[in-house]
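Trainee: what's the 3D shape of this:
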Amino acid sequence: MISLQALLDRLPPAWGTLSRPVADLDSIDITCVAEHSGRVGPGTLFLARRGRDTDGHLYIPAALAAGAVAVAGELPLADLPAPLPTGIPYLQVYDGRMAFALLSAAFYHFPSRKMTIIGVTGTDGKTTTSTLIHSIMATAGMDTGLITTISALIDGEVFKTGYHVTTPGAFDLQGYLAQMVAAGCTAAVIETTSYALDQARVRTPRLARHVGELHGGQSSPVPCPGYVRLQTRHC
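Mentor: Numbers count the residues shown, from 1 in each chain. Model prediction:
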């Protein structure tokens, strides 16, 4: 848990603006950051953004009803589909995906800054390659965490990341990295899909290197040459 003021103080410049401040941001405790109203609970900072199939701004009332205490969104305050209740601060962000990644990392105090992060991407072989790299680093004596389609491995303990979720969402990802730091890990290997790159899930971890084929194809969710641009701009 962190106060809203402390969370905002951790953000880098140009993340957005506090469109509706309240009297005492230190008194607002944030328990998590969510961009899906179904994951909102008491103390949540809910981030609304325009998606491919719907607009997250439409779900702000549902998020507030579920316990959200602050809202961030891409729209100006005056353009929200429904007015915010009195006392709810509103943060207008420039890029919803990037803001969610930043807020998630800031919530956990930027754990990727405390480790070497290796991202493995490509069309095929990501899980195998990630596991091999983790095994090599562990054999060399490095305390290393691992996140793949199968699970997250932290200090010998296995955590289920969700059914066929290759790269967890930004908040969950940062949570796993924070657990690794707490467990004494000095490095982490992350299986990284092109979806994760496109959705900025791994935008804040400092990826030391990407390993994988940079090509498009029927199995690639992002058509070439866009796929290649997605991969290379994060290397």
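
Trainee: ok, residue 2 - contacts?
Mentor: For residue 2, the set of contacting residues under the criterion of C-beta atoms under 8 Å, 6 or more residues apart in numbering consists of 29-30, 107. Where you see a C-beta, it was placed from the backbone N, CA and C, and this is true even at glycine.

Trainee: Just the buried ones from the residues you listed?
Mentor: Those of the contacts of residue 2 that meet the buried threshold are 30, 107, by 16 or more other C-beta atoms under 10 Å.

Trainee: For the nearest residue in space to residue 30 that is not next to it in sequence, give me the backbone phi and psi.
Mentor: Counting by C-beta to C-beta, 6 or more residues apart in numbering, the nearest residue to residue 30 once its immediate chain neighbours are dropped is residue 45, at 5.0 Å. Phi and psi for residue 45, reported as degrees, to the nearest 10, are phi -90, psi 110.

Trainee: What is the neighbour count of residue 45?
Mentor: Residues near residue 45, counting by other C-beta atoms under 10 Å, number 28.

Trainee: Please name the bridge partners of it.
Mentor: When bridges are assigned using DSSP bridges, the partners listed for residue 45 are residue 33, residue 70.

Trainee: Reformat the contacts of residue 2 as TSV; add distance to residue 170, secondary structure and pLDDT.
Mentor: Written out in TSV, the entries for the contacts of residue 2 read as follows (distance: C-beta to C-beta, whole Å; DSSP: H, G, I helix; E, B strand; the rest coil; pLDDT from 0 to 100):
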residue	distance to residue 170	secondary structure	pLDDT
29	21	strand	97
30	15	strand	98
107	10	helix	96
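
Trainee: picking that back up, and the pLDDT for the residue nearest to residue 30?
Mentor: Reported pLDDT at residue 45 in the predicted model: 98.

Trainee: isn't it right next to residue 69, touching?
Mentor: Yes - counting by C-beta atoms under 8 Å, residue 45 touches residue 69, with 7.3 Å between them.

Trainee: what's the overlap in contacts for those two?
Mentor: Taking C-beta under 8 Å, 6+ apart as the contact criterion, the residues that touch both residue 45 and residue 69 are 4, 30.

Trainee: Pull the distance from the one helix or strand residue 105 maps to to the chain's centre.
Mentor: With secondary structure defined by DSSP states H and E, residue 105 is part of helix 96-107. Using C-alpha atoms, centre = their mean, to the nearest Å, we find the averaged C-alpha position of helix 96-107 to lie 6 Å away from the chain's own average C-alpha position.
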